[in-house]
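[1] could you look at this predicted model? Sequence included:
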Amino acid sequence: MASVPLPDSSDGLAPDPWRQQPVGVVGLGLIGGSLGLDLQRLGIGVRGLVHRATTAERARQRGLATEVSTDPAVLAPCGLVVLALPLDRLLDPDPDLLAALPPQAVITDVGSVKEPVLERWRALHPRFVASHPMAGNAEAGVEAGVVGLFRQRPWVATPEAGTDLEALGVVRNLAELVGARWLTCPAGDHDQAVAMISHLPVLLGAALLRAADSGVAPPQLVRQLASSGFADTTRVGGGNPQLGSLMARCNRDALLAALAAYRQQLGELEDLLQRGDWAGLQRQLEGCHQLRPQFVGPSPPAETGSS
């Protein structure tokens, strides 16, 4: 499958090269299922591989792929295979899956940690491209896939010196076909960045939930008053426990560094509170008000309480 342009918006379909071979998607949870839905809307055949027969049946009912099977042979005609698997299954892949991957196909993953995945896969397939779509929500499993999940979201690849450049181009085409914003960076830089902006918030949200449940404030009243600010801050901390644990295990060093930086900033804010330095605290918050749009765009009007 050679490099192809974006789909012609006049008919909403992908260009012909993408319709000549199906795309394989291994795992039809949030990422894999959403990808299958988007690709089919572009006229691209999708072959889904899942682990359980019950999952396969529900994936068929939801239309997550053109064909769904528990037999890895379903991937045989695919020119591109996306491994939408949890990190532990990427790092310890099923031998039957490895044997079924077409040798000429482009293989990519969607894992949120890249250095250990690259170390494992660079010798397993000559056309492997490590990538990570930065898209998601708190849902998981075969019921989670939605149309448009990747639109305007980053999709980052971490090529290295030996990466097949044509294969890299195919993965870029895939990302852009589903509306994602493409970028590349070294794997180590990726892992440090996602530790700060994706993995650390999981632990912070979890810590806030545990603090709210600790009895420092009236437990029942805390639950009754919790609103949008608390919901936004704790969303990922209350999400998929397996995913959070795997991210921490696979990106431990970068996450520890991010925690140390956060602890330092929290300590500085605590010191301002201890000293009653309200002017200093306001300066810190004003700086954060200016800083936030650099990461997530303009803020909506702030939710305020009575003073």
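    Received, thanks. Residues are numbered from 1 along each chain as shown.
[2] the longest helix seen in the chain: which residues count as buried?
    Across the chain, the longest stretch assigned as helix under DSSP state H is helix 252-275. By 16 or more other CB atoms under 10 Å, the buried positions in helix 252-275 come out as 254, 255, 258, 259, 272. C-betas here are computed from N, CA, C, even on glycine.
[3] likewise stretch 52-61?
    For stretch 52-61, by 16+ other CB under 10 Å, it's 55, 56, 58, 59, 60.
[4] which residues does that stretch contact?
    Residues outside stretch 52-61 that contact it (CB atoms under 8 Å, 6 or more residues apart in numbering) are 28, 33, 48, 50, 65, 68, 69, 70, 142, 143.
[5] and residue 198, what does it touch?
    Taking CB under 8 Å, 6+ apart as the test, what residue 198 contacts is 112, 134, 247.
[6] got those as a markdown table, with neighbour count, distance to residue 190 and pLDDT columns?
    Listed next are the contacts of residue 198 as a markdown table, based on neighbours: other CB atoms under 10 Å; distance: CB to CB, whole Å; pLDDT from 0 to 100:
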| residue | neighbour count | distance to residue 190 | pLDDT |
| --- | --- | --- | --- |
| 112 | 24 | 9 | 94 |
| 134 | 18 | 10 | 94 |
| 247 | 24 | 13 | 92 |
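[7] and the helices in the stretch 51-200 of the chain?
    Remark: helices assigned in the stretch 51-200 of the chain by DSSP state H, counting those that start in this stretch are 53-62, 87-91, 95-100, 115-121, 165-177, 187-194, 200-212.
[8] and the average pLDDT for the fifth one is what?
    The average pLDDT within helix 165-177 is 95.
[9] who are the packing partners of that helix?
    Helix 165-177 makes packing contacts with strand 80-83, strand 106-109, strand 128-129, strand 131-133, strand 154-157, strand 181-184 when contacts are defined by 3 or more CB pairs under 8 Å, 6 or more residues apart in numbering; DSSP states H and E.
[10] could you check how far the residue nearest to residue 164 when sequence neighbours are not counted is from residue 76?
    Excluding its sequence neighbours, the residue lying closest to residue 164 (CB to CB, 6 or more residues apart in numbering) is residue 127, at 4.9 Å. Distance, residue 127 to residue 76, using CB to CB, to the nearest Å: 16 Å.
[11] which one's more surrounded, those two?
    residue 127 (21 against 14; other CB atoms under 10 Å).
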